[in-house]
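Student: got a sequence here, can you model it:
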Amino acid sequence: MCSFSKTILSAFFVLLSTMINGQKKEEDIQINKNIKNTLMMHKDLVSIPNLPKNKDLMLENINWVAKQYASLDFKTSLLDTSSLPILIAEKIVDPENKTVLFYFHIDGQPVNPDVWNQEDPFEPVLKQQSQNGDWQVIDWSKLDGTIDDEWRIFGRAAADDKAPIIMFLAALKELQNQNQSPKINLKIIFDPEEEYGSKALLSSLDQYQDRYASDYFIVMDGPSHNSNQPTLTFGCRGIASCSITTFGSKLPQHSGHYGNYVPNPVFRLANLLSSMKDPEGRVLIKDYYKGIEITSEVSSLLEAVPYDASELNDELGINSSENVGTNYQESLQYPSLNVRQIGTSWKGKGLKTVIPEYATANIDVRLVPETEGVSQLQKIKTHIEGQGFYVLDRDPTDEERQTHLKIVKFTGTLSVNSFRTNPDSDFGRKIRNHIREDFGKDPVVIRLMGGTVPIVPLINKLRVPTVIVPMVNMDNNQHSPNENIRIGNIRQGIKICLSILNASY
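Tutor: Numbering: from 1, shown residues only. Coordinates of the predicted model:
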C-alpha cells in the first residue's frame, strides 16, 4: 500500500473514531438529561409492594410494567400459569434480525419493617452518606439540581430487581426519543415469583415454550462485580442437597448412666464428615471433581477478574481460604460440599445431659456444568458405604439396629443443575466486544458465579446461549434490610442496556 493510501486510511479511522466518541458523549448527555425522570419512574415502581402473597398488588406491579411497554409499541400478554400470570412483552423490529429473550423478575423478598432505617420499606427514600458513614434522608426535590452518583434510593426491591427493569425501560425510551430502534427483536418475560422458586414460570415451560423461543437469552438480575465495572456472567452453579443421619440408642439416654456405653451419634457423624474433606478443604470423595479441567485459557480468564485475596479475607474475617482453587474465581469452578446445619434429637430450649438418639447433617452441594446433581449425591452415598456404614433411606428397624454396627439414613434432593455459556462463543465475543467499545475497556467476565438462579430449567429448555448481565451495586443489601440502589449504577446500567440493544448478534 502506498503512503498516500495509508494516510487516507488512517484519516478515515480517526474520523470514524471521532464520530463514535461523539455519539457516545451525546448518549451520556441524554442519559443525564433524563435521569431525574428515570429516578422518579423507579420511585413509582418501588412504591408498589411486590410480595406474591398479595395477588392484587402483584397484578398492580405487572400492569404498571405492561403499560410502560405498551407506550413503547410492544405487544404485551399475560400468560396463565399455576399461580400468578407471566407478563411477556414482544417487539419484532425486523424479521431478519436475531431475537433475544430478556428476563426480569418483578417480585421481592419479605420485609421486617422493624429492622429497616425507614418507616415503610415500600416507600422509597433518597439518601446520601455523611462523613461518619451514616445514611441520611434527603428530599426528593434534590433531584432538581446536580444528581450525585453516590446518592442511593432505599426500599425493598429497589435493586433486586426493579432497578434493572427501570434501566432497560429508560434505554428503550432513549432509543424512542432518538427515533432509533433496537438492532434485535425483543421478547421480555417478567417472573412474578423468582424469590420463591419461580413456581409460576417453571410451570409454564411446556405450555409456552414457543412463546419463549429465541436465539439468545439474557438474564437481567444480580449485582455487578464489586469494582462496579460492567460485568458479564456466563454461568451459575446449580444446587443439590442431602441429609445424613447417624444413630445411637432408640431413645435419648442419660449421659451419666450411659456415657461410655451408648455410642454417641454426634461423634460418628463428625468422624464421617471429616472423612469427606482434607484439612485444606479439598473433597476426598472419589471422582468428586471428575471432568473438571482448568486450562491455561480458562485460567487466564479467571485471573483477569479483579481480586485481592488479603482484602477479601479481611472482609470475610478469615485467616486464609480453602485450597480448592488458586484464587476465588477458580474455586467456583469446582463442586462444593457444604454442611449447612447440624442437629440432634433434642429440639427444646436449653441443654440436657443426654446422649442424643440421632444426629443429622444437612448438606448442600453446589454443582458445576461438569457435574450433575444425581451423580454427585450418589458419590456421597457410595463414600458413606465405603466408610463401613449400612445406608438406608429411612429410619432403621430394631432388627437392623442390632445387626449393623454403623447405620446412616441418607436422603437426597436434586434442585437444579448448573449452566455455562462459553465466553469465547460467537455470542460471548460479540456482547463482550460491544461493551468494550461503549465503555472503552473490557467488561469483567465471570465464567461461573457461585450462586444458583431458579430459572436454570428454562435455560436448559431453551438450549440457547445465555448470559447474566448484573448491573446493581454489590453492596445493595439484597434480600436484607435497607436494600438500596446506587444512582451511579442506574446511569451505567442504562448505558449497558443501550449497548446490548444497539448490538447486532
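Student: hey, let's count contacts and neighbours off CA atoms from now on
Tutor: OK.
Student: residue closest to the middle of this structure?
Tutor: Of all residues in the chain, the one closest to the mean position by CA atoms, centre = their mean is G222, 4.8 Å from it.
Student: burial count for the residue lying closest to it once chain neighbours are set aside?
Tutor: Nearest non-adjacent residue to G222, counting by CA to CA, 6 or more residues apart in numbering: P470, 4.6 Å away. Residues near P470, counting by other CA atoms under 10 Å, number 21.
Student: and for D393?
Tutor: D393 has 13 neighbouring residues, counting by other CA under 10 Å.
Student: what's the pLDDT at it?
Tutor: At D393, the model reports a pLDDT of 97.
Student: contacts only, for it.
Tutor: Residues in contact with D393 (CA atoms under 8 Å, 6 or more residues apart in numbering) are K409, F410, T411.
Student: TSV for those residues, including pLDDT?
Tutor: Listed next are the contacts of D393 as TSV, based on pLDDT from 0 to 100:
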residue	pLDDT
K409	98
F410	98
T411	98
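Student: of those residues - the most surrounded one?
Tutor: The residue in these with the most neighbours, by other CA under 10 Å, is F410 (21 neighbours).
Student: am I right that that residue is in a helix?
Tutor: No - F410: not assigned to a helix; according to DSSP: H, G, I helix; E, B strand; the rest coil it is strand.
Student: that one contacts T245, doesn't it?
Tutor: Yes - in this structure, F410 is within contact of T245 by CA atoms under 8 Å, at 6.6 Å.
Student: if we can go back for a sec, any idea how far the residue nearest to G222 lies from G451?
Tutor: Using CA to CA, to the nearest Å, P470 is found at 13 Å from G451.
Student: can you check H383 too?
Tutor: 26 Å.
Student: could you give the average pLDDT over the helix or strand hosting E60?
Tutor: Using DSSP states H and E, the element containing E60 is helix 55-70. Mean pLDDT, helix 55-70: 98.
Student: which other helices and strands contact it?
Tutor: Counting contacts by 3 or more CA pairs under 8 Å, 6 or more residues apart in numbering; DSSP states H and E, helix 55-70 is packed against strand 75-79, strand 86-91.
Student: which residues sit against the longest one?
Tutor: Which is strand 86-91. 62, 66, 69, 73-80, 185-192, 200-201.
Student: sorry, back to before: most tightly surrounded among the helices and strands packed on helix 55-70?
Tutor: Most buried of the helices and strands packed on helix 55-70, by mean neighbour count (mean count of other CA atoms under 10 Å): strand 86-91, with a mean of 21.
Student: what's the first helix or strand after that one?
Tutor: Going down the chain from strand 86-91, the next helix or strand is strand 99-105, by DSSP H and E.
Student: which residues outside that following strand are in contact with it?
Tutor: Applying CA under 8 Å, 6+ apart, the external contacts of strand 99-105 come out as 161-162, 164-165, 184-194, 212-221.
Student: go on, stretch 163-175?
Tutor: Against stretch 163-175 from outside (CA under 8 Å, 6+ apart): 30-31, 38, 41-42, 68-69, 72, 104, 157, 181-182, 220-221, 471-472, 485, 490-491, 493-495, 497-498.
Student: same question for stretch 265-274.
Tutor: Residues contacting stretch 265-274 (CA under 8 Å, 6+ apart): 245-248, 344, 356-361, 384, 387.
Student: filter those down to the buried ones and hand me the ChimeraX line.
Tutor: The buried residues among the contacts of stretch 265-274 can be selected in ChimeraX (16 or more other CA atoms under 10 Å) with this line:
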select :245,246,247,248,344,356,357,358,359,360,361,384
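Student: could I get the average pLDDT for the helix or strand Q378 falls within?
Tutor: Element membership of Q378 [criterion: DSSP H and E] is helix 373-386. In this model, helix 373-386 carries a mean pLDDT of 97.
Student: now for that helix, which elements pack on it?
Tutor: Counting contacts by 3+ CA pairs under 8 Å, 6+ apart, helix 373-386 packs against strand 238-247, strand 358-367, strand 390-392, strand 407-416.
Student: got JSON lines for those, with distance to P443 too?
Tutor: Below are the helices and strands packed on helix 373-386 laid out as JSON lines (distance: least, CA to CA, whole Å):
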{"stretch": "strand 238-247", "distance to P443": "24"}
{"stretch": "strand 358-367", "distance to P443": "25"}
{"stretch": "strand 390-392", "distance to P443": "49"}
{"stretch": "strand 407-416", "distance to P443": "28"}
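Student: list just the one of these that sits closest to L302.
Tutor: Of all the helices and strands packed on helix 373-386, strand 358-367 sits nearest to L302, with 17.9 Å by CA to CA.
Student: elements contacting the closest one?
Tutor: Counting contacts by 3+ CA pairs under 8 Å, 6+ apart, strand 358-367 packs against strand 238-247, helix 265-274, strand 338-344, helix 373-386.
Student: distance from that strand to the middle of the chain?
Tutor: Put simply, strand 358-367 sits 22 Å off its chain's centre (CA atoms, centre = their mean, to the nearest Å).
Student: where in this protein is pLDDT low?
Tutor: The chain contains residues with pLDDT under 70 at 1-24.
Student: how does it divide into domains?
Tutor: 16-236+418-501, 238-292+334-416 (automatic domain parsing).
Student: which one of those domains is the most hemmed in?
Tutor: Of the domains of the chain, the one with the most neighbours on average (mean count of other CA under 10 Å) is domain 16-236+418-501, at a mean of 19.
Student: that domain: how far from the chain's middle?
Tutor: Domain 16-236+418-501 sits 12 Å away from the centroid of its parent chain (CA atoms, centre = their mean).
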